[in-house]
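*Asks:* dropping a prediction and its sequence here:
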Amino acid sequence: MSTCACHKCQRQFMTIKKTSKLDYSGFKYSNWVRRTKTMNLEHAVSWANALNNTERTCLEKENGTRWSELHRLSYFDPVHFTVIDLMHNLYLGTAKRMIQIWRKCNYINEKNQLTMQELANGIVIPCGYARITKKIADGFSFMKADEWKSWCVIYSPFVLKHVLPAKNLENWILFVDTYRLLTKPLINNKEIDEAHSKLQLFCTRFQTLYGKSAVTPNMHLHLHLGDRGFLDDGDRVLHKLIKYETIRQNIQALAFELRQKSIKSYASFLFYIFYSKIHVCDWMKILIRLLINAQTLYSKK
Ligand SMILES: [Zn+2]
């Protein structure tokens, strides 16, 4: 395993004593040296020119780079083209990991999971967010990315209030705030900087609260979201895909509901949708689709 394990910077990660795991702690971002295409190429050429396998293994461990024919392409930049995707880094990464840690600390257990679910079921969920009706009580099992998103942004600040100690909750809210910024449809440079600072604070305090061994590679990568990594198309595209998938599911569900109801109750159905959702703009777009569907149905009768 290479000790230079990050695709974006040249940090050397030491091994945790008595284990083969790497220590990903340390969040002094200003000290991190970014990888570059030129440097990566130099390391790859050294690896290719190594005299024997032992030397290659040492070079790979030290630099985290091997030779590939792709390096011959002048436009190919393995550092810039390696995308940190938000879905796995935030939703299925740290959000999921935090639950495992809180369970280990016994902040979350089978008893309070039921109370948490009851509290969650009382929350009105805006359009575009997945509802979690059972999975909190089931121990957060089989949660999808859009459900993790709802958990972080909507459910967790309310549900965890009486579950986590004040310091731990305060630290989690830093993550939630960042999450809200990074999952917005639009983001400006100032907000990217704000998200970066909050993530840095979250990771630093996390290390103090839960120890170095609990720090994950995803947390190291959080700080690369703030630099050019976040501006790469991949991150935003993946986030958009999740949103479009949720909207598609909503439209499908509404179309199904529509087929179940008579035209007489159609008006009340529309009002129900309208008043039960918060993001009116999103819902107006769906309502237009519904009206077109209704018109089609009406003309058939
Ligand atoms: Zn790095």
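*Replies:* In hand now; what should we look at? Numbering: from 1, shown residues only.

*Asks:* geometric centre of this structure: which residue is closest?
*Replies:* Among the residues of the chain, the one closest to the centroid is Leu90, at 2.3 Å (Cα atoms, centre = their mean).

*Asks:* which helices and strands does the helix or strand harbouring Lys198 pack with?
*Replies:* If you go by DSSP states H and E, Lys198 is part of helix 189-210. Packing partners of helix 189-210 (3 or more Cβ pairs under 8 Å, 6 or more residues apart in numbering; DSSP states H and E): helix 166-182, helix 217-224. Yep, even glycine has a C-beta here, placed from its N, CA and C like the rest.

*Asks:* let me know which of those helices is tucked in deepest.
*Replies:* Of all the helices and strands packed on helix 189-210, helix 217-224 has the most neighbours on average by mean count of other Cβ atoms under 10 Å, namely a mean of 21.

*Asks:* could you pull out the strands for the chain?
*Replies:* Counting by DSSP state E, the chain has no strands at all.

*Asks:* show me which residues of it are close to the ion?
*Replies:* Contacts of the chain with the ion, taken as Cβ under 5 Å from the ion, map to Cys6, Lys8, Cys9.

*Asks:* tell me, how many neighbours does the last one end up with?
*Replies:* Right, Cys9. 19 (other Cβ atoms under 10 Å).

*Asks:* that one - nearest residue in space that isn't next to it in sequence?
*Replies:* Leaving aside its chain neighbours, Cys9 sits nearest to Trp32 (4.5 Å; criterion: Cβ to Cβ, 6 or more residues apart in numbering).

*Asks:* so what pLDDT did the one you found get?
*Replies:* For Trp32, the pLDDT comes out at 91.

*Asks:* swap in the one 10 residues further on?
*Replies:* What the model reports for Glu42 is a pLDDT of 94.

*Asks:* from the stretch 51-200 of the chain, which residue is nearest to the ion?
*Replies:* For the stretch 51-200 of the chain, the residue closest to the ion is Ile84, as judged by Cβ to the ion, at 9.7 Å.

*Asks:* any idea how far that residue is from Gly226?
*Replies:* Taking Cβ to Cβ, to the nearest Å as the measure, Ile84 falls 11 Å from Gly226.

*Asks:* ok, Tyr129 next?
*Replies:* Here Tyr129 is placed at a distance of 25 Å from Gly226 (Cβ to Cβ).
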